[in-house]
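# Sharing a model prediction with you, sequence too.
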Amino acid sequence: MERKAEINIRWPPSNRKKARDEPERGVPVVQVETPAANAVAASKETLEDYTLRFAPRSYRTWSPAVVGVSALGGIAYLADFSIGANIGIANGTGNALLGIGIFAIVVMLTGFPLAYYAARYNIDLDLITRGSGFGYYGSVVTNIVFASFTFIFFALEGSIMAQGLKLGLHVPLPIGYLVSTVMIFPLVIYGMNTLAKLQVWTTPLWLILMVLPFGFLLVRHPDSVGTFLSYGGQDGKGVSLSGALLAAGVCLSLIAQIAEQIDYLRFMPPRTPENARRWWGWMLLAGPGWVLFGAIKQVVGLFLAVYLIANLPGAQDIANQPVRQFLEIYRDMMPSWLAMTLAVALVVISQIKINVTNAYSGSLAWTNSFTRVTKTYPGRIVFLGLNLAIALILMEANMFDFLNNILGFYANCGIAWIVTVATDIAINKYVLKLSPREPEFRRGMLYDFNPVGLVGFGLSAVLSIMTFFGVFGETLKPYSPIVAVVVSFLATPLTAILTKGRYYLRRDHDGIELPMFDEHGNPSGETLTCAVTGMEFERPDMIASAVPGPEGEIQYISSLALSTDKTGIHVLPSR
């Protein structure tokens, strides 16, 4: 072991003389000067959350059900109730229901290939994006889009919690914003282990508190259904394509939620003949299936809002606030003090369940991008703090009052990213066969930038945002989500055809003879020693180093160590 560690640590050119001059010290201790220092620090921090890499088989000990329930726990957010209420109040029930339906269909179609790749190959959406048309550095731009999603929705959920604290405990809103932010920090430090337990334990109580008032209204006030269906909204213009698409555009801001589902789904166990049915069932339900629960919550949010508007004088201004929705229904069911207690409890539980996921996923996205660009790993906790700080600023700026505008704008970027990656998997990989079927994410195997994804995403985002702001006229303005979907879907395969798929892989072999997958097609659990860190990593996380050993033998390096290698001496040549 000692000899192996000695020959595996590689010194940069500036330090080789120093190493030769002090041979009597034996195996060199990791120092600031060694390229191993940063990689070792990163590997220790990522043993819990695997921020930068493939989630190894040895860590994925949860059953499909535990992973699935944990993933679904992350959609406990109350923003859906606000979104449903807002689009219904603005456009009427008919347009809102059509918009929600369009949203659900788009998310199901785009979410399936992404969720499958995450669960099957145990990688997050950033790693999937790298090899699905964007390149090693090209996917940084989509990581920023995703990080923006996490702090926007963290701020939205934090605002809802602050409303609950103000209503129930008379806590001023600015203090409520701070409390809802700070309380999340310690819960996210320990990664998937803590998050899985939190989501599983809190889900039953959350379900009871959420479903109870809706069921009560249906039984106690059945006439509320007719009022809901006939509600025409503020404009009262009736059902129209433009109204439905405006509603869909706001809902589609949630399309990037699949990335947060994937942050859990990447920990799915290997799929075997024995667990195949459970594996597929939970992958579908917790992956693209999340939108079924989201759509239901949006409909319920609008239902509760319409009920309040119809039965509570002056409710127009509060009907889109989930805490007020549930409080008023609870008051119809039980004493006021108990109603207030349950309403605040629901808001707090929901906010914690979703915002631990927002904070966790956002910290992963920021860390991944920063480390790739700078080759330095400062620690995920640094970016956890950054993400929470940005969210707190948005809350203090009262973003809740501009919810529709913020989400409508963001939807265009989210759609452009998700549809581009989903199209590359479904069309470029399986139909055109121009994109490699199996995902690739390792530095050295990918080109830095791939025009396929960048063109598809860039054109889609720019044209849809221009449409959203009325550059092409007010008539086309409601159709910006459709522009985003269509442009991504067409530009991505067209660019792949024009480039003949040449910019996906810079090498056709990673220099390792061990098979990448087992007999069932799962990523292999075989391990190899990293030449930089001296640590064991599983086969899918490894690549041959361009630096041979002292006897000319092949050395191996982990994708983690390679991502922090500033010298680039370990990167294999293109082939």
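Perfect, I can see it now.
# mind listing the strands for this protein?
Along the chain, counting by DSSP state E, strands occupy 527-529, 536-538, 542-544, 556-558.
# what does the last one rub up against?
Contacting residues not belonging to strand 556-558 are listed as 39, 43, 53, 512, 528-533, 535, 537, 541-545, 565, 570 [C-beta atoms under 8 Å, 6 or more residues apart in numbering]. To be clear about C-beta, it is placed using only N, CA and C from the backbone, and glycine gets the same treatment.
# Counting neighbours, which of those residues end up buried?
The neighbour count (16 or more other C-beta atoms under 10 Å) marks 39, 43, 53, 528-533, 535, 537, 541-545, 565, 570 as buried among those.
# any idea how far Glu474 is from Pro322?
Distance of Pro322 to Glu474, computed by C-beta to C-beta, to the nearest Å: 32 Å.
# Look at those two and report which has more neighbours.
The neighbour count for Pro322 versus Glu474, taken as other C-beta atoms under 10 Å, is higher for Pro322 (30 against 8).
# ok, the more buried one touching Val348?
No - the criterion here is C-beta atoms under 8 Å, and Pro322 misses it with Val348 at 12.0 Å.
# so what sits against both of these two?
Joint contacts of Pro322 and Val348 (C-beta under 8 Å, 6+ apart) do not exist.
# Asn522 against Met268, yeah?
No - here Asn522 does not reach Met268: they are 9.9 Å apart, not a contact under C-beta under 8 Å.
# what bits of the chain have low per-residue confidence?
Residue ranges of the chain with pLDDT under 70: 1-52, 74, 190-196, 400-404.
# Report all helices and strands that the longest helix along it contacts.
Using DSSP state H, we find that the single longest helix of the chain is helix 336-374. When contacts are defined as 3 or more C-beta pairs under 8 Å, 6 or more residues apart in numbering; DSSP states H and E, helix 336-374 sits against helix 36-49, helix 125-129, helix 140-169, helix 185-188, helix 192-220, helix 257-265, helix 322-333, helix 380-396.
# For Ala426, which of the ones you listed is the nearest?
Nearest to Ala426 among the helices and strands packed on helix 336-374 is helix 125-129 (12.7 Å), distances taken as C-beta to C-beta.
# Can you show me the CA trace of the closest one as PDB?
What follows is helix 125-129 as a C-alpha-only set of coordinates in PDB (Å, rounded to 0.1, in the frame of the first residue of the first chain):
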ATOM      1  CA  LEU A 125     -28.900  16.600 -14.600                       C
ATOM      2  CA  ASP A 126     -25.800  18.700 -15.000                       C
ATOM      3  CA  LEU A 127     -23.800  15.500 -15.700                       C
ATOM      4  CA  ILE A 128     -26.500  14.400 -18.100                       C
ATOM      5  CA  THR A 129     -26.500  17.800 -19.800                       C
END
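# contacting residues around it?
Contact with helix 125-129 is made by 53-54, 114, 117-118, 121, 139, 142-143, 146, 258-259, 262-263, 364-365, 368, 417, 421, 425, 439, 441, 453, as judged by C-beta under 8 Å, 6+ apart.
# Okay, buried residues for stretch 438-457 please.
Result for stretch 438-457 [16+ other C-beta under 10 Å]: buried residues 439-447, 449-457.
# Check stretch 557-575 too.
Neighbour-count burial for stretch 557-575 flags 557-565, 570-572 (criterion: 16+ other C-beta under 10 Å).
# what's the answer for stretch 302-312, then?
For stretch 302-312, a neighbour-count test (16+ other C-beta under 10 Å) marks 302-309 as buried.
# Could you dump these into CSV with distance to Val239 added?
What follows is the buried residues of stretch 302-312, written out as CSV (distance: C-beta to C-beta, whole Å):
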residue, distance to Val239
Leu302, 14
Phe303, 17
Leu304, 21
Ala305, 18
Val306, 16
Tyr307, 21
Leu308, 23
Ile309, 19
